[in-house]
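Chemist: here is a sequence with its predicted model. Questions after.
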Amino acid sequence: MSETPTGTLGVIALTSNAMALIAPGAFLWVTYGIQAASEDASGNSTAKDMWPGVVFALIVAFSTALPYSVLARFYPEAGNAGAYYFTDVAFRKCHKEGLRKYSRVTKLITGWSAHLFYWVYPGVMTAFAATLLDWLIELGAGEGKVHGVVTALFAFVFAAAVAAIGVKGVSGSTLTSIIINVVQLSMLVFFGILNLHFRNANPLDVGTARVPSGADVGSGKPSEWLFPNVGEILYPHSGGGLLFQASIAILILVGFDSATSMGAAAKNPKRDIPRAVLASLFIQGCIAYLFEYFAANAAMSTLFPVRDGMTGFEAAGADMAPIGTLAEQVGDAVLGDGAGAPFKIIMAITVLMAVFGSTLAAMVTAVSFSASLAQDHELPKMFGDEHSKWGTPWKGFIVAFCVSGLLGAVGAVGGTVFLTAVTLASNIGTFALYTMVCIAAIAAFWGPEDCVQDKVGDDFKKNYFTQLVVPILGALLNIMMILSILIIGLTSGGDTTIATLIAFGITVIWTIVSVIYWVKKKPHEETGHRPPSREIRVAPEPTQKDDIEMQATEEPKAKTTADDEPSNKNPLAPPSGSNSNGANNGARSDVTLTEADP
């Protein structure tokens, strides 16, 4: 059985921390331009499928969040290892003995996909931050563009600041997470109400006012709403557009899974972590993002300021900060002439705060996850080396700084194409990780109820819907999303195809590197596929008496194999008593490892 919880976080705190990874309200700003610029194989915009794309992405996310929550309930000791531990223990203890030999393979696939997600994602956030800083500087300067070298420097400085805080173990307190969420939700609601009022009152006389001069198409013609009937926002306009928009929209929904790495910080991880997984996704997706995408699209018209001869969604796709431009237009029209500019600056600052917090949470998750694999002898030892003062895997943060800075610089300087490419690469990793979690859920709960109870606990009750139907659906949907990114992206032509090829290249390169490393790396055991079972417990300053007692307890353990008696102990979890909230936040505990012969 699992250890007695020693954490301090309840369900509200856990949910707030999970939401901090993907701050509600921020991602409308940072992803709207990518979504507005996407095109299908015929060169037609898929922007009108934004809202249905978010809905479909929500279906995919919930079909994964439910297996995550079920696994977290029965394996609350997973700690920082999260999905990696779920996959390992699910196959290693699977009722179907023939599947147990695939434990190492499946957990390595999980580790591969998780790294493509967790390590590329901070780079995506860094690119968004550098782009936003560019926009703010250009806004203040009035004219001219920031040089690409300066933009790249912004990316590395931003990544360095995030890594510097992370290496000191400051992953953000629960109070800070709550404040960020409240600020973002408040701004979101206010902006959404302004957009809906703008649509209803129509202060710019959309329909009679003329399209601004300088537009390549429609100049001098009567303006129009991009959705003449707001009901058109809600339904899909093409199947391909729906899938491609969903493949981008998943970026705004990921983060619920981070709650599963907070077991050491939770008062009652078995009860509260599953609730936090589902609650954070519901608040982010069903409330925040569906509302804000509806309101923003309702306010879009061909009076959107002309950009490079384009209007409407095309202009939004070419704009560095289309939501900022819309905020200024709506602010001037609703709040009074001249109010739009300060409003968009205030909104941009709140977004930048949220992006920084999201990048920090993502980088800490990435480094902590890598440290777990290093401890499991599946990554170089350096990723698990702790700083002598702060007790964090500091070498991992140095690597994270380099990767995030490089990807951020490429994404920000390269424009929409490269930013979309980095985003899609991260999303491929996301869908692959979520597929493996769904498969792990199927393996974990396969078999008669009494047999599964022996593996996961006496309170297990068979539920074919949550433990079989939903995981199968989730796996199929996530695989379909990977295929949609590749097939639709590669056949769309133009910038979309270029971005997809770059994303596919990043994925292939990471796959080759991973395969080479894991093929050359021998399993930790000569006769199996998992490292010796290790019990990790707090052991500060052991006395001579403690040493004698410890030696006495090690003898019987040496005679017990990993499969003789199921154990919920996680060799990768933080030590009991840690005050970590999903990452090492500076508290240092010496640990003693005891190994059992395989």
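Modeler: Arrived safely, thanks for sending.
Chemist: which helix is the longest one in the chain?
Modeler: helix 103-141 (DSSP state H).
Chemist: after it, next one along is what?
Modeler: Using DSSP states H and E, the next helix or strand after helix 103-141 towards the C-terminus is helix 148-167.
Chemist: so which elements touch the helix or strand just after that next one?
Modeler: Next helix or strand after helix 148-167 toward the C-terminus (DSSP H and E): helix 174-201. Judged by 3 or more Cβ pairs under 8 Å, 6 or more residues apart in numbering; DSSP states H and E, the packing partners of helix 174-201 are helix 11-21, helix 290-299, helix 322-334, helix 340-375. Quick note: C-beta positions are derived from backbone N, CA and C, even for glycine.
Chemist: centre of the chain versus helix 174-201, how much separation?
Modeler: Relative to its chain's centre, helix 174-201 lies at 21 Å (Cα atoms, centre = their mean, to the nearest Å).
Chemist: now the strand or helix carrying K395: average pLDDT?
Modeler: Assigned by DSSP H and E, K395 falls within helix 394-413. This predicted structure assigns helix 394-413 an average pLDDT of 89.
Chemist: my guess is M19 contacts N181. True?
Modeler: Yes - with contact defined as Cβ atoms under 8 Å, M19 reaches N181; the gap is 5.3 Å.
Chemist: ok so, going back, V120: which of the helices and strands packed on helix 174-201 is closest?
Modeler: helix 340-375 (9.0 Å; Cβ to Cβ).
Chemist: residues touching the residue nearest in space to the middle of the chain, list them.
Modeler: Centroid check for the chain by Cα atoms, centre = their mean gives V254 as the closest residue, at 3.8 Å. The contact partners of V254, by Cβ atoms under 8 Å, 6 or more residues apart in numbering, come to L21, I22, A61, F117, Y121, T430.
Chemist: between these, which has the most around it?
Modeler: Y121 (31 neighbours; other Cβ atoms under 10 Å).
Chemist: what residues are up against that one?
Modeler: V254, A362, A366, S426.
Chemist: looking at M19 and N181, which is more packed in?
Modeler: For M19 versus N181, neighbours defined as other Cβ under 10 Å are more numerous around M19 (29 against 24).
Chemist: list the contacts of that one.
Modeler: S177, N181, G255, S280, I283, Q284.
Chemist: from those residues, which is closest to A72?
Modeler: Nearest to A72 out of the contacts of M19 is S280 (Cβ to Cβ; 12.5 Å).
Chemist: what number of residues lie near the closest one?
Modeler: Neighbour tally, S280, other Cβ under 10 Å: 28.
Chemist: repeat for F291
Modeler: Neighbour number of F291 under other Cβ under 10 Å is 17.
Chemist: isn't it up against I193?
Modeler: No - with contact taken as Cβ under 8 Å, F291 and I193 are classed as non-touching, separated by 9.8 Å.
Chemist: returning to that earlier point: which of the contacts of Y121 ranks first by neighbour count?
Modeler: A362 (31 neighbours).
Chemist: would you check that that residue makes contact with V120?
Modeler: No - counting by Cβ under 8 Å, A362 does not reach V120; the two are 9.7 Å apart.
Chemist: low-confidence stretches in the stretch 351-500 of the chain?
Modeler: Within the stretch 351-500 of the chain, the stretches with pLDDT under 70 are 448, 450, 452-458.
Chemist: okay, the helices and strands packed on helix 174-201 in a markdown table with distance to E97 next?
Modeler: Formatted as a markdown table, the helices and strands packed on helix 174-201 follow (distance: least, Cβ to Cβ, whole Å):
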| stretch | distance to E97 |
| --- | --- |
| helix 11-21 | 36 |
| helix 290-299 | 45 |
| helix 322-334 | 54 |
| helix 340-375 | 26 |
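Chemist: what's the most buried one of these?
Modeler: helix 11-21 (a mean of 25; mean count of other Cβ atoms under 10 Å).
Chemist: so which elements touch the following helix or strand past it?
Modeler: For helix 11-21, the succeeding helix or strand toward the C-terminus, using DSSP H and E, is helix 26-37. Using 3+ Cβ pairs under 8 Å, 6+ apart, the elements in contact with helix 26-37 are helix 50-74, helix 103-141, helix 239-253, helix 290-299, helix 312-318, helix 322-334, helix 340-375, helix 415-444.
Chemist: which among those is found nearest to G43?
Modeler: With Cβ to Cβ as the measure, helix 312-318 is the member of those nearest G43 (11.2 Å).
Chemist: what packs against that closest one?
Modeler: Short answer (3+ Cβ pairs under 8 Å, 6+ apart): helix 312-318 packs on helix 26-37, helix 322-334.
Chemist: for the record, mean pLDDT for that helix?
Modeler: On average, helix 312-318 scores 89.
Chemist: how about it: buried residues?
Modeler: Residues of helix 312-318 classed as buried by neighbour count (16 or more other Cβ atoms under 10 Å): G312, F313, E314, A315, A316, G317, A318.
Chemist: could I get the residues you listed as CSV with distance to V330?
Modeler: Formatted as CSV, these follow (distance: Cβ to Cβ, whole Å):
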residue, distance to V330
G312, 15
F313, 16
E314, 19
A315, 15
A316, 13
G317, 19
A318, 19
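Chemist: looking at the helices and strands packed on helix 312-318, which is nearest to S186?
Modeler: helix 26-37 (12.8 Å).
Chemist: kindly export the closest one (C-alpha atoms) in CSV.
Modeler: C-alpha atoms of helix 26-37 as CSV (Å, rounded to 0.1, in the frame of the first residue of the first chain):
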residue,chain,number,x,y,z
ALA,A,26,-3.5,33.8,-22.0
PHE,A,27,-3.7,31.3,-24.9
LEU,A,28,-6.3,33.1,-26.8
TRP,A,29,-3.7,35.8,-27.3
VAL,A,30,-0.8,33.5,-28.1
THR,A,31,-2.5,31.0,-30.4
TYR,A,32,-5.2,33.0,-32.2
GLY,A,33,-2.8,34.2,-34.9
ILE,A,34,-1.7,30.6,-35.7
GLN,A,35,-5.3,29.4,-35.9
ALA,A,36,-6.3,32.4,-38.0
ALA,A,37,-3.5,31.7,-40.5
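Chemist: from the middle of its chain, how far away would that helix be?
Modeler: In this view, helix 26-37 has its centroid 16 Å away from the chain centroid, taken as Cα atoms, centre = their mean.
Chemist: nothing else from me, thank you.
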